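**Student:** give me a model of this one.
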Amino acid sequence: MVWKLRTQIALLVLAVLCVAQALSLWFFVDERSLAVQAAIGAEAAGRAANVAQLVEGAPDDLHSRIIQAATSPLVSFELSDIPSVAHGNHDEGGAVEARVRALLGDSYSRDIRVEVHEIEQGLLPLPNLSPEMAEMHAEMMRGSLAAIEMELSIALAGGEWLNVGTRFERPPLQWSTASNVSFVITATLLLLASFWFILRRLTGPLNGLAMAAERLGRGAGEGPLPVVGPKEVQDLTKAFNTMQDRLTRFVSDRTQMLAALAHDLRSPLTALRVRAEMVDDDETRTSLVASGEEMQQMVDATLDFAKGVGQHEEVCPTDVRELLGDIQNDGLTVLSDQSVMVPAKPTSLRRALKNLIENAIRYGKQAEVSWEATDGYLALYIDDRGPGIPPSELDSVFGPYVRLERSRSRDTGGHGLGLSIARSIILGHGGTVELANKEKGGLRAIVKLPFAPSSKQTEDLTENEARRTSPIEERHHQSVDA
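**Tutor:** Here you go, the predicted model:
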């Protein structure tokens, strides 16, 4: 499937927007995680400092009650003879340690240890939760969140250690309704803006340039294109306009030169024929007149080929069936009976088809013409019943003055320019022409012309192709058997 430029750019814009939105969401979630971690760490540090001060200032029999009252589902407190933290993590726990020291009014004399680590197993639920709260927490957090645990050990004045533990979950990946609406609105605005820019400023001029190049290739050039769009497109348009102007002037100059050459050549040839008629010897006179006529024909054929036949003829809708009807030849059989309109220069196209048909009749005794629509082209088939030509020379026969000595010698007529003129005309219509040997004998010329059929034409061509296939093969077998 061929993606148009505007579709590719629109998909690229959308993909970049989605990636940017995903990265933004990821960074936002990470910031949330850091913020939650800092907030919980600060809250735990404050509570730990307060509990440490209460324990140190209260009688021993109240210590257990203070610890029990301070413990909550999120933070646990414990008095012990040994610290729960073997050594502190100053990189990740430095802020917590500094806050505890500030609240306790202690600089560096007290031993305070902080350790922060991720939990590798049993993420949910949080410790110290009642069964009901644990179930609610697991359902709220969807049971799939990573947890971070912070442990804090504070040396007390009596020689004991206050061990504090807290655990918090990383916040879940959340995409709120506001984020969804914002993404949709942003994507819509970007796509509308990009489509407007692409259609108005980029693909519009490029499509116009492509169509102008196609028309120029068919010999239907027009004036310079308007220079619009981005600078790169403007430069491309200017280059095309310059090329079109140069090609037009080149063809015009060559045509004028050849017209003058034709006049100069025909004058001495006419004088030569007049003087030949004045020769007394009949045999010599006949030979000179025949040579003069042959030279005249060769000059006319050469000039027709060099001038590029039909350069100044207008392109118009042309009925192929009527065009073939104008070619009168006893050996011509038109197998298709449906009218098909193609954009063409009628006189030039008629000459190209006539050359191909006469070539088939001259060397194959008969020309059978049919056509069908295929891949945006109208394919015309011109079949003969001749011996065919060597595969290695199927393309070279289109060259000027090329004649095959064995099967198509000069004695059969022609100057070797018929196929060259036909190909020049067909290429000027944006089409192609090629020769192919048929499996069961004979040569087929395949002409393809740009074609945009209506649904009715396509239906008629399909039905006509189905009707004519078997009769052609049947007639071909009959001719081979004969």
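**Student:** phi, psi of Gly386?
**Tutor:** phi -80, psi -170 (degrees, to the nearest 10).
**Student:** now swap in Leu152 and tell me
**Tutor:** Taking degrees, to the nearest 10 as the convention, Leu152 sits at phi -130, psi 130.
**Student:** got a pLDDT number for it?
**Tutor:** Looking at Leu152, its pLDDT is 87.
**Student:** which residues does the closest residue in space to it that isn't next to it in sequence bridge with?
**Tutor:** Nearest non-adjacent residue to Leu152, counting by Cβ to Cβ, 6 or more residues apart in numbering: Val164, 4.1 Å away. In this view, the C-beta of every residue, glycine as well, is placed from N, C-alpha and C. Beta-bridge pairing for Val164 (DSSP bridges): Phe77, Leu152.
**Student:** just give the number of residues close to Val164.
**Tutor:** 28 (other Cβ atoms under 10 Å).
**Student:** so Ser370 is in contact with Thr333, correct?
**Tutor:** No. Contact criterion Cβ atoms under 8 Å: Ser370 and Thr333 do not qualify, at 9.3 Å.
**Student:** of those two, which one has the most company?
**Tutor:** Ser370 (18 against 14).
**Student:** buried residues of the helix or strand where that one lies, list them for me.
**Tutor:** Element membership of Ser370 [criterion: DSSP states H and E] is strand 367-374. For strand 367-374, burial by neighbour count (16 or more other Cβ atoms under 10 Å) applies to 367-373.
**Student:** what do you get for stretch 325-344?
**Tutor:** Buried, per 16+ other Cβ under 10 Å, within stretch 325-344: 327, 331-332, 334-336, 338, 340-344.
**Student:** that stretch: end-to-end distance?
**Tutor:** 16 Å (Cα to Cα, to the nearest Å).
**Student:** can you tell me the SS state at Leu162?
**Tutor:** strand (DSSP: H, G, I helix; E, B strand; the rest coil).
**Student:** check it and give its pLDDT.
**Tutor:** Taking Leu162 on its own, its pLDDT is 91.
**Student:** ok, now Gly165?
**Tutor:** At Gly165, pLDDT is 87.
**Student:** show me the contacts for it.
**Tutor:** Gly165 makes contacts with 75-76, 78, 84, 127, 149-152, as judged by Cβ atoms under 8 Å, 6 or more residues apart in numbering.
**Student:** between these, which is nearest Gly418?
**Tutor:** Glu149 (93.6 Å; Cβ to Cβ).
**Student:** that closest one should be in a strand, yeah?
**Tutor:** Yes. Counting by three-state DSSP, Glu149 is part of a strand.
**Student:** just give me the neighbour total for it.
**Tutor:** Glu149: 15 neighbours (other Cβ under 10 Å).
**Student:** also Thr248?
**Tutor:** Around Thr248 there are 14 residues (other Cβ under 10 Å).
**Student:** could you point out which element follows the strand or helix carrying Leu54?
**Tutor:** In the assignment (DSSP H and E), Leu54 maps to helix 5-57. Downstream of helix 5-57, the first helix or strand assigned by DSSP H and E is helix 63-70.
**Student:** which helices and strands does that following helix pack with?
**Tutor:** helix 5-57, strand 75-80 (3 or more Cβ pairs under 8 Å, 6 or more residues apart in numbering; DSSP states H and E).
**Student:** the ones you listed into TSV, with extra columns for distance to Arg285?
**Tutor:** TSV is the format used below for these (distance: least, Cβ to Cβ, whole Å):
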stretch	distance to Arg285
helix 5-57	70
strand 75-80	130
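**Student:** Gln366 and Gly331 touch, don't they?
**Tutor:** Yes. Gln366 lies in contact with Gly331 (Cβ under 8 Å); the separation is 4.8 Å.
**Student:** now list whatever residues contact both of the two.
**Tutor:** Contacts common to Gln366 and Gly331, judged by Cβ under 8 Å, 6+ apart, are Ala360.
**Student:** tell me the secondary structure at Ala187.
**Tutor:** helix.
**Student:** can you verify my assumption that it contacts Leu14?
**Tutor:** Yes. Counting by Cβ under 8 Å, Leu14 is a contact partner of Ala187 at 6.3 Å.
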